[in-house]
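[1] take a look and give me a structure for this.
(2 chains)
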Number of protein chains: 2
Amino acid sequence: MSKVLLGPQPFIYPMPAFLIGANVDDKPNFMTAAWCGIANGAPPMVSVAIRPRRYTHKGIRQNWTFSINIPSVDLVRETDFCGLVSGSKVDKVEACKFSVFYGKLDSAPLIEQCPINLECKVVQILELGSHSLIVGQVEEIHVSEECLTDGQPDVNKVNPFVFTTVPAQNYQAFGEVIAKAFSIGREIQAKDSG
Amino acid sequence: MSKVLLGPQPFIYPMPAFLIGANVDDKPNFMTAAWCGIANGAPPMVSVAIRPRRYTHKGIRQNWTFSINIPSVDLVRETDFCGLVSGSKVDKVEACKFSVFYGKLDSAPLIEQCPINLECKVVQILELGSHSLIVGQVEEIHVSEECLTDGQPDVNKVNPFVFTTVPAQNYQAFGEVIAKAFSIGREIQAKDSG
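    Okay, the predicted model is just below:
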């Protein structure tokens, strides 16, 4: 048996890349996350692991709501960017030119450019160590009309991408590496909002 | 804004497909799951959502341990199979010709044919409704030697695949649909073990 011990780490990559949204001090902010999962079927719930010191975490605690926005490959630059900088320093909505809208929950900001937007209400927060595991109930989903097939979001039209860590930190679409992680987002010239 | 309301559902596909392992009544069993996530960095933790009535769930409750095995595309048939049948009726290890081994935890069965195997100890189980969200601490990872690049599992060598739901329930490799879900696994002729 040619197995090698790697030591404990939460390695289940590739995982899809998401933009997690929250209103922080009443202003929309977004962070990049791949540490998400489906938590429950009925009622529908999702989970996201976020470090407590993150700016987005502050907004989630303030309102007990958040959003998950699924970006297409054409948003890889913006997605990477939202993982590179903190909303405490930069207005990411302005830098990325996101059109923000709200649905049923008035404190879960949604990105119009992302083909899928989930509005979530926090159900539970587990403090597990380095991260808080935030479990949210999906209250509503918005889908860009052109990404639907028979009324459901078609993954081939949504065209999402995954985050991989080895051999390099990349985003991979289905079939190709489209950008290098922690790199391409630097092309966006951010202005400090403070 | 051409957005359509979809109604609440936990839609964050595509998600990677995994084989969740547990010893049930001291015998190894595996089920297919895409409802997994990374839950914490340090200590390393993962989550998996499983219906309480599932046979694997019984084993996880018995031992408070489980495994996550990441299959390559060449195991798509076996992976689909493990989602189609219950371990209460069929010996899936025998049907799939899995070589099972154990690592640090003596009750978390691992599949040698899967390039990555995570041994997990249950930290917490949240009863969220239709599913239990099982949070497990990763105790050890085993990786097939040929899938390593610089000592880390290389996603391109591991060659995992994702589960998609629309336009059809498929497994998709990076770049192509390799098999139809809830279908190709039926090619395996299962013998009832009971």
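[2] residue contacts, A:Val158?
    Applying C-beta atoms under 8 Å, 6 or more residues apart in numbering or on different chains to A:Val158 gives the contacts A:70, A:72, A:115-116, A:147. Quick note: C-beta positions are derived from backbone N, CA and C, even for glycine.
[3] tell me what A:Pro153 is bridged to.
    With DSSP bridges applied, the residues forming beta bridges to A:Pro153 are A:Leu148.
[4] ugh, typo on my part, it should be A:Ile68
    So, taking DSSP bridges as the rule, A:Ile68 has A:Ile20, A:Leu118 as bridge partners.
[5] before we move on, the earlier item: ok, and of the contacts of A:Val158, which contact chain B?
    With the criterion set as C-beta under 8 Å from any C-beta of the partner chain, the members of those near chain B are A:70, A:116.
[6] among the contacts of A:Val158, which are located in strands?
    Assigned to strands by DSSP state E, the following of these qualify: A:70, A:116.
[7] highest neighbour count among the contacts of A:Val158?
    Neighbours here mean other C-beta atoms under 10 Å in any protein chain shown. Within these, the largest count is held by A:Ile70, at 29 neighbours.
[8] enumerate every residue touching the nearest residue to it once chain neighbours are set aside.
    With sequence-adjacent residues excluded and distances taken as C-beta to C-beta, 6 or more residues apart in numbering or on different chains, A:Ile70 is closest to A:Ile116, at 4.1 Å. Listed by C-beta under 8 Å, 6+ apart, the contact partners of A:Ile116 are A:69-70, A:141-144, A:147, A:153, A:158, B:11.
[9] mind pulling up the pLDDT for A:Ile116?
    We note a pLDDT of 95 for A:Ile116 in this prediction.
[10] do I have it right that A:Tyr13 meets B:Val155?
    Yes - contact criterion C-beta atoms under 8 Å: A:Tyr13 and B:Val155 qualify, at 6.1 Å.
[11] joint contacts of those two?
    A:164-166.
[12] give me the subset of these lying in strands.
    For those, membership in strands holds for A:Thr164, with DSSP E as the criterion.
[13] make JSON lines from the shared contacts of A:Tyr13 and B:Val155 and add distance to A:Pro52 to it.
    Putting the shared contacts of A:Tyr13 and B:Val155 into JSON lines (distance: C-beta to C-beta, whole Å) gives the following:
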{"residue": "A:Thr164", "distance to A:Pro52": "26"}
{"residue": "A:Thr165", "distance to A:Pro52": "23"}
{"residue": "A:Val166", "distance to A:Pro52": "27"}
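[14] for the shared contacts of A:Tyr13 and B:Val155, pick the one with the most neighbours.
    Using other C-beta under 10 Å as the contact criterion, the top neighbour count among those goes to A:Thr164, which has 23 neighbours.
[15] how confident was the prediction at it?
    Model confidence at A:Thr164, expressed as pLDDT, equals 82.
[16] which residues does it contact?
    Under the criterion of C-beta under 8 Å, 6+ apart, the neighbours of A:Thr164 are A:13-14, A:170-172, B:155.
[17] so which of those comes closest to A:Arg51?
    Of all the contacts of A:Thr164, A:Arg51 sits closest to A:Tyr13, with 18.3 Å by C-beta to C-beta.
[18] any idea how far the closest one is from A:Tyr171?
    Counting by C-beta to C-beta, to the nearest Å, the gap between A:Tyr13 and A:Tyr171 amounts to 11 Å.
[19] who has more neighbours, the two?
    Between A:Tyr13 and A:Tyr171, A:Tyr171 has the larger neighbour count (other C-beta under 10 Å), namely 25 against 21.
[20] that one and A:Met15 touch, don't they?
    No - the criterion here is C-beta under 8 Å, and A:Tyr171 misses it with A:Met15 at 11.0 Å.
[21] so what sits against both of the two?
    By the contact definition C-beta under 8 Å, 6+ apart, A:Tyr171 and A:Met15 are jointly contacted by A:162-163.
[22] what about the helices in chain A?
    Read by DSSP state H, chain A holds these helices, from start to end of the chain: A:55-63, A:76-84, A:92-96, A:155-158.
[23] the second one versus helix A:55-63: what angle between them?
    By that I understand helix A:76-84. An angle of 80 degrees separates the directions of helix A:76-84 and helix A:55-63 when computed by axes from the mean of the first three to the mean of the last three C-alpha atoms, to 10 degrees.
[24] what's the average pLDDT for helix A:76-84?
    Across helix A:76-84, the average pLDDT comes to 88.
[25] give me the below-cutoff pLDDT ranges for chain A.
    Counting by pLDDT under 70, chain A contains low-confidence ranges at A:1, A:174-194.
[26] what's opposite the residue in it positioned nearest to chain B in the beta bridge?
    In chain A, the residue found nearest to chain B is A:Gly37; the distance is 1.9 Å by C-beta to the nearest C-beta. Note on A:Gly37: beta-bridge partners by DSSP bridges are A:Ser47.
[27] contacting residues around it?
    Going by C-beta under 8 Å, 6+ apart, A:Gly37 touches A:46-48, B:12, B:15, B:35-39, B:47-49.
[28] now with 7 Å, please.
    A:Gly37 makes contact with A:46-47, B:35-37, B:47 under the criterion C-beta atoms under 7 Å, 6 or more residues apart in numbering or on different chains.
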